[in-house]
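Novice: here is the input, now give the coordinates:
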Amino acid sequence: MTFFETAQRGIASVALRPLLRYIDKKPAGMARLVRLVDTLSGHTFPQKTMEAFLSGAKDETNVWNRFARGVIDDVDRAALRRLLLSLGLGIANGTRRVRRNREKYKCNIPFQILFDPTSACNLHCKGCWAGEYGHKDNLTLEEMESIVTQGAALGTRVYMLTGGEPLIRKNDILKIAEKHKNCTFLIYTNATLIDEALVQKTKQLGNVIFAVSLEGFSESNDARRGEGAFARSMEAIDLLHREKCLFGISVCYTRDNLETVTSDEFLDEMIARGVKFGFYFHYMPLGAHAVPALLPTPAQRQQMYRWLRRVRSAKNGKPMFVMDFQNDGEYVGGCIAGGRNYFHINAAGDMEPCVFIHYSDSNIRAHTLLEALQRPLFQAYYKGQPFSDNHLRPCPMLENPDALRALVKTTGSKSTDLQAPEDVDDLCAKCDFYAEHWAPVAKTLWDDNPHPKPKTQYYRDRE
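Specialist: I've put the predicted structure just below:
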């Protein structure tokens, strides 16, 4: 951290302590907290958004007021304060730098970076490409440290760790999180390696959050993840809740499990166990063992679109933050990959535009992050986004497969599948039918419903 950031963190820490205590005594403290977060984040959020936050903070019947109260009550106060510092100040300082560097270097600069510490995993889940990769590929501690150091210099202050099972490298991850207190680390995990010692260390750091992978209750979850997986995940979730950690769930929804993972029963159970957020991911037919039959039907996709807006309703929703990267494209201007908001680095060091797009023309062992962002593949994303004017069709693979064909072929990018190279025509052929049948449904939803109109670049186009 720079001298300015260190001083800024000290001042903010002093301000947060009495305010968090004040909230316990008076409801008005919630509005004060919203104003402080707005200040700490450098007024990053649009004014209308902040007005909505403040309105909810003043209304104790508002679902988001209940959500915020749940976070404050259920999360260790010292850990929460450290998280607000790393995330709030990281957004404030990082976003300003991201905007400057976008203009300076004429390329996408990401708000967050995903990377895989290892290809190794102790489970073998159906439909997950990582389970096929084996244990041969790993990023070294020095390489992971370099990713975060380079990223932070560009303005990237949020890091998501995937895999493989990232907690196989938990000791190295903790070293990096401890060194980079101005960054926040979200770990997607099957939760089998979460134990008391790890929980206590992450509480001490405050800038590490877990997202536990689930596919529903035991029947649907264990069908993909193996017998007993759901019970082990619940043990980890109960430990995180008992020790007052902030955590959420990561859900891959398919044609088979969509009804379960969107049921009130499932959400209510997760909320009761202390889950504060849910990231929902559309199944993608990647790799030689992909099962296109697991792709949701157009009717199910439409159901998912309406479900998201219902559970996020300030009046009748659930006190848990839920988002879906396919069906929330309208809020971020379509595809966020290729470094526009994020990109992915696999365990072999290949820099991929998306965790679901396994093609690359750069590797961290040969290129810096900035060099990769300026190379043909990421430049094609920079110049080509959005890939559809209908942001309910954001993805260049799933909903616009001809776009991905062109991106890969015109840039000379190679398959980075760690098991077996996958020709882009073979991959996109598994999406053509889906894209064709989703397009008219997406058009109706887009034309018949109000939706926000974010600018294309999102981080550099707003005053």
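Novice: in what helix or strand does residue 35 lie?
Specialist: helix 29-40 (DSSP states H and E).
Novice: by contact count, what packs against that helix?
Specialist: Secondary-structure packing of helix 29-40 (3 or more CB pairs under 8 Å, 6 or more residues apart in numbering; DSSP states H and E): helix 3-25, helix 47-58, helix 63-74, helix 77-105. In short, each C-beta sits where N, CA and C put it, glycine included.
Novice: may I have it exported as PDB, CA atoms only?
Specialist: Output of helix 29-40 as PDB, limited to C-alpha atoms (Å, rounded to 0.1, in the frame of the first residue of the first chain):
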ATOM      1  CA  GLY A  29     -26.900   4.200  12.300                       C
ATOM      2  CA  MET A  30     -27.600   2.100   9.200                       C
ATOM      3  CA  ALA A  31     -28.000   5.200   7.000                       C
ATOM      4  CA  ARG A  32     -24.800   6.600   8.500                       C
ATOM      5  CA  LEU A  33     -23.000   3.400   7.500                       C
ATOM      6  CA  VAL A  34     -24.300   3.700   3.900                       C
ATOM      7  CA  ARG A  35     -23.000   7.300   3.700                       C
ATOM      8  CA  LEU A  36     -19.600   6.200   5.100                       C
ATOM      9  CA  VAL A  37     -19.300   3.300   2.700                       C
ATOM     10  CA  ASP A  38     -20.200   5.700  -0.200                       C
ATOM     11  CA  THR A  39     -17.400   8.000   1.000                       C
ATOM     12  CA  LEU A  40     -14.900   5.200   1.400                       C
END
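Novice: how far off centre is that helix?
Specialist: 24 Å (CA atoms, centre = their mean, to the nearest Å).
Novice: what do you get for stretch 71-79?
Specialist: With CA atoms, centre = their mean, you get 21 Å for stretch 71-79.
Novice: so for it, what gets flagged as buried?
Specialist: 71-72, 75-76, 79 (16 or more other CB atoms under 10 Å).
Novice: how about stretch 168-176?
Specialist: 168-170, 172-174, 176.
Novice: what about it, average pLDDT?
Specialist: The average of the pLDDT scores along stretch 168-176 is 97.
Novice: list the contacts of that stretch.
Specialist: Stretch 168-176 has contacts (CB atoms under 8 Å, 6 or more residues apart in numbering) with 117-118, 120-122, 138, 141, 144-145, 148, 161, 166-167, 185, 187, 193, 198, 201-202, 205, 208.
Novice: distance of residue 336 from residue 261?
Specialist: Residue 336 sits 22 Å away from residue 261, going by CB to CB, to the nearest Å.
Novice: what's the neighbour count on residue 453?
Specialist: By the criterion of other CB atoms under 10 Å, residue 453 has 8 neighbours.
Novice: correction: residue 228
Specialist: 11.
Novice: give the contact list for it.
Specialist: residue 222.
Novice: can you give me the pLDDT of it?
Specialist: The model's pLDDT for residue 228 equals 81.
Novice: so what are the domain limits for the chain?
Specialist: Split into domains by automatic domain parsing, the chain comes to 3-91, 107-463.
Novice: any idea which of those domains scores lowest on pLDDT?
Specialist: Note on the domains of the chain: domain 3-91 shows the lowest mean pLDDT, a mean of 78.
Novice: where exactly do the strands run in the stretch 351-463 of the chain?
Specialist: 351-352, 359-360, 414-415 (DSSP state E, counting those that start in this stretch).
Novice: dump those strands into JSON lines; add mean neighbour count as well.
Specialist: Converted to JSON lines, the strands of the stretch 351-463 of the chain look like this (neighbours: other CB atoms under 10 Å):
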{"stretch": "strand 351-352", "mean neighbour count": "26"}
{"stretch": "strand 359-360", "mean neighbour count": "24"}
{"stretch": "strand 414-415", "mean neighbour count": "16"}
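Novice: wait, which of those is closest to residue 180?
Specialist: Smallest distance to residue 180 across these (CB to CB): 19.7 Å, for strand 351-352.
Novice: so which elements touch the closest one?
Specialist: Strand 351-352 packs on strand 342-345, strand 359-360, going by 3+ CB pairs under 8 Å, 6+ apart.
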